[in-house]
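Peer 1: Coordinates for the following, if possible.
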Amino acid sequence: MARRILHLDLDAFFAAVEQRDKPSLRGKAVVVGGSGPRGVVATASYEARVFGVRSAMSGAEAKRRAPHAAFLGGRFGAYRESSRIVMGLLREVSPLVEPLSFDEAFVDLGPSDWADADLAERVAWLRAELTRRTEGLTASVGVGSAKFLAKLASEAAKPDGARILQPGEELDFIAPMPVRAIPGVGPATEQRLITIGLYTVEDLRGADPAELIRELGPSAGAGLAALAWARDDRPVEASRDPKSISTEDTFAVDLTDRAQLQAILRRDAGQVVARLAKAGLFARTVTLKVRFADFTTRTIARSLGGATDSRDDITGAGLALLDEVDVRGGVRLLGIGVSGFTTSAQEKLFGEEEAAPSEAAEGPGDAEVELSGVRGHGDYHPGADVEHDVHGRGWVWGAGKNRVTVRFETRETPPGPIRTFVADDPALHPADLYPLPLALRDDDE
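Peer 2: Numbering: from 1, shown residues only. Okay, the predicted model is just below:
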């Protein structure tokens, strides 16, 4: 019997969460990310996509195409909360769930009790139950005999649909698709294939395998030929250990002040260490990523000697790496990450130097610098959850010039009124996430 692999992809996930939680934005163009002159779009609602706004587009271009869209900073706590609910639902179907991101996962249906004859009904239930548990989110679902076929099927079902491929129709389904639909075919490989006259998957099937191997190498050439015939036996990996944990910031203006960059690095190293500790891991390597004003990027790494989750050690290593970088020409992006994970601490080898605690711990706290990325920064970034002692819960409509404009509404209310306050109004506070019903929360929350 053919394997049955399900791929689920939440529709315009970040934007959909914002529209769910902000009634006044439902049916409106919403862009998550894209703030600042160097911002990048993380997700655009389907209403924004009508204007040509797409993920990974620059914020400037997105604002040119959709000037009246709501541009919001990311609220990753809210996205994580909904993602946990969805992944929990999938694990009720099968223990073999491979999350790819907050909004996407593969499921091997082999261990489930889903018979082929019932697939359409079961998938319909899954999508409806997901919408109920997340209070309004939708997903597109594809089912096929291989991972890449299931993913292509879910893409064909977007938005808010389902496509179940029967084994006998899979080859015909992918035949007319461009070669870039095959996993691993990026722009460079696509251009090389087009150069030798291969435009579609069907063209690949008719190609001489020796020619593919000559153009792409033995492994890539043979792999591509197999995928063109829908041969993909990659398993669904239920537990995928992280290879690295990192964070990075893109700045609205190029930074040349080393002390300012050090302060940013200290803050970001603290975030990385917190995530490392939450995962119960210890790291052996610290990596620094620096992108300069001319868009050249330098990535350098340093071994920690042993495996650690020490904030002092990791921050100290990051600062030492930054000392090796000439920042006088301007830094556009700065990032720090850790890798080489173990599940237990390992002592440093004899003779290796300890990172100086004072270097890692001293210095200014959170760096006050304008950032240009997806995450919302500061208590009152556009889209942030707030609460007023008199008016109740709401979210930041806009902020600037020592003013904060708030729309007072929640996912359970109609669109609410707008009020403006001074930024230091003692009655205005950042708010925790608006809670989901108790019955829908994870047991460990």
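Peer 1: Can you name the element that comes right after the lowest-mean-pLDDT helix or strand in the chain?
Peer 2: Counting by mean pLDDT, DSSP states H and E, the chain has its least confident helix or strand at helix 357-361, which shows a mean of 32. Downstream of helix 357-361, the first helix or strand assigned by DSSP states H and E is strand 385-388.
Peer 1: I'd like the mean pLDDT over that next one, please.
Peer 2: Strand 385-388 shows a mean pLDDT of 95.
Peer 1: Only the buried residues of stretch 233-243, if you could.
Peer 2: Buried residues in stretch 233-243, defined by neighbour count with 16 or more other Cβ atoms under 10 Å: 236, 238. No exception for glycine: its C-beta is placed from N, CA and C like everyone else's.
Peer 1: So which residues make contact with it?
Peer 2: Stretch 233-243 has contacts (Cβ atoms under 8 Å, 6 or more residues apart in numbering) with 5, 95-99, 106-108, 146-147, 279, 281, 339, 341.
Peer 1: and the two most separated of the residues you listed?
Peer 2: Largest separation among those by Cβ to Cβ: Ala146 and Leu281, giving 31.2 Å.
Peer 1: Which residue ranges of the stretch 1-150 of the chain form strands?
Peer 2: 5-10, 30-33, 41-44, 70-72, 97-101, 104-108, 139-144 (DSSP state E, counting those that start in this stretch).
Peer 1: mind putting the ones you listed in TSV, mean neighbour count and distance to Pro159 included?
Peer 2: What follows is the strands of the stretch 1-150 of the chain, written out as TSV (neighbours: other Cβ atoms under 10 Å; distance: least, Cβ to Cβ, whole Å):
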stretch	mean neighbour count	distance to Pro159
strand 5-10	27	9
strand 30-33	29	14
strand 41-44	26	12
strand 70-72	24	19
strand 97-101	17	17
strand 104-108	23	14
strand 139-144	25	6
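Peer 1: so where do the helices sit in the stretch 251-400 of the chain?
Peer 2: Taking DSSP state H, counting those that start in this stretch to define them, one finds helices in the stretch 251-400 of the chain at 258-278, 311-323, 357-361.
Peer 1: now these in a markdown table, with distance to Ile213 and mean neighbour count?
Peer 2: Converted to a markdown table, the helices of the stretch 251-400 of the chain look like this (distance: least, Cβ to Cβ, whole Å; neighbours: other Cβ atoms under 10 Å):
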| stretch | distance to Ile213 | mean neighbour count |
| --- | --- | --- |
| helix 258-278 | 41 | 18 |
| helix 311-323 | 40 | 22 |
| helix 357-361 | 50 | 15 |
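Peer 1: number of nearby residues for Leu304?
Peer 2: Neighbourhood size, Leu304 [other Cβ atoms under 10 Å]: 22.
Peer 1: I figured it hits Asp313, correct?
Peer 2: Yes: Leu304 is within contact range of Asp313, at 5.9 Å (criterion: Cβ atoms under 8 Å).
Peer 1: gap between the nearest residue to Val141 once chain neighbours are set aside and Thr131?
Peer 2: Leaving aside its chain neighbours, Val141 sits nearest to Ala162 (4.5 Å; criterion: Cβ to Cβ, 6 or more residues apart in numbering). From Ala162 across to Thr131, the span is 13 Å (Cβ to Cβ, to the nearest Å).
Peer 1: more crowded one of those two?
Peer 2: Comparing Ala162 with Thr131 by neighbour count (other Cβ under 10 Å), the higher total belongs to Ala162, at 21 against 14.
Peer 1: Now do the contacts for the nearest residue to Asp385 once chain neighbours are set aside.
Peer 2: Among residues not flanking Asp385 along the chain, Ala431 sits closest, at 4.2 Å (Cβ to Cβ, 6+ apart). Residues in contact with Ala431, defined by Cβ under 8 Å, 6+ apart, are 385-387, 393.
Peer 1: Pretty sure Thr221 sits in a helix.
Peer 2: Just to correct that, residue 221 is Gly rather than Thr. Yes: looking at Gly221 with DSSP: H, G, I helix; E, B strand; the rest coil, it is inside a helix.
Peer 1: was I right about it contacting Leu212?
Peer 2: Yes: contact criterion Cβ under 8 Å: Gly221 and Leu212 qualify, at 3.8 Å.
Peer 1: wait, isn't Ala105 in contact with Met87?
Peer 2: Yes: between Ala105 and Met87 there is a contact under Cβ under 8 Å: 6.4 Å.
Peer 1: Need the overlap of contacts for those two.
Peer 2: Going by Cβ under 8 Å, 6+ apart, residues that sit against Ala105 and also against Met87 are 97, 99.
Peer 1: so what are the domain limits for this structure?
Peer 2: When the chain is parsed with automatic domain parsing, its domains come out as 1-183+232-238, 184-228, 244-361.
Peer 1: Would you reformat the ones you listed as CSV and include distance to Pro435?
Peer 2: Formatted as CSV, those follow (distance: least, Cβ to Cβ, whole Å):
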stretch, distance to Pro435
domain 1-183+232-238, 9
domain 184-228, 42
domain 244-361, 21
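Peer 1: so where do the strands sit in the stretch 201-350 of the chain?
Peer 2: Under DSSP E, counting those that start in this stretch, the stretch 201-350 of the chain gives strands at 244-255, 282-292, 297-308, 331-342.
Peer 1: looking at those, which is closest to Phe421?
Peer 2: Taking Cβ to Cβ, strand 244-255 is the member of the strands of the stretch 201-350 of the chain nearest to Phe421, at 24.9 Å.
Peer 1: Run through the neighbouring helices and strands of the closest one.
Peer 2: Using 3 or more Cβ pairs under 8 Å, 6 or more residues apart in numbering; DSSP states H and E as the contact test, the elements touching strand 244-255 are helix 258-278, strand 282-292, strand 331-342.
Peer 1: Include distance to Arg64 and mean pLDDT when you put the ones you listed into a markdown table, please.
Peer 2: Output for those, formatted as a markdown table (distance: least, Cβ to Cβ, whole Å; pLDDT from 0 to 100):
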| stretch | distance to Arg64 | mean pLDDT |
| --- | --- | --- |
| helix 258-278 | 29 | 92 |
| strand 282-292 | 24 | 93 |
| strand 331-342 | 21 | 91 |
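Peer 1: So for Gly197, which of the ones you listed sits nearest?
Peer 2: Set against Gly197 and scored by Cβ to Cβ, the helices and strands packed on strand 244-255 come closest in strand 282-292, at 37.5 Å.
Peer 1: can you pull the alpha-carbon coordinates of that closest one into CSV?
Peer 2: What follows is strand 282-292, C-alpha atoms only, in CSV (Å, rounded to 0.1, in the frame of the first residue of the first chain):
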residue,chain,number,x,y,z
PHE,A,282,23.9,23.1,26.1
ALA,A,283,25.9,24.6,23.2
ARG,A,284,29.5,24.0,22.1
THR,A,285,29.8,26.8,19.5
VAL,A,286,28.9,30.5,19.2
THR,A,287,28.5,32.1,15.8
LEU,A,288,28.4,35.8,15.0
LYS,A,289,26.8,37.1,11.8
VAL,A,290,27.5,40.7,10.6
ARG,A,291,26.1,42.3,7.4
PHE,A,292,27.7,45.5,6.3
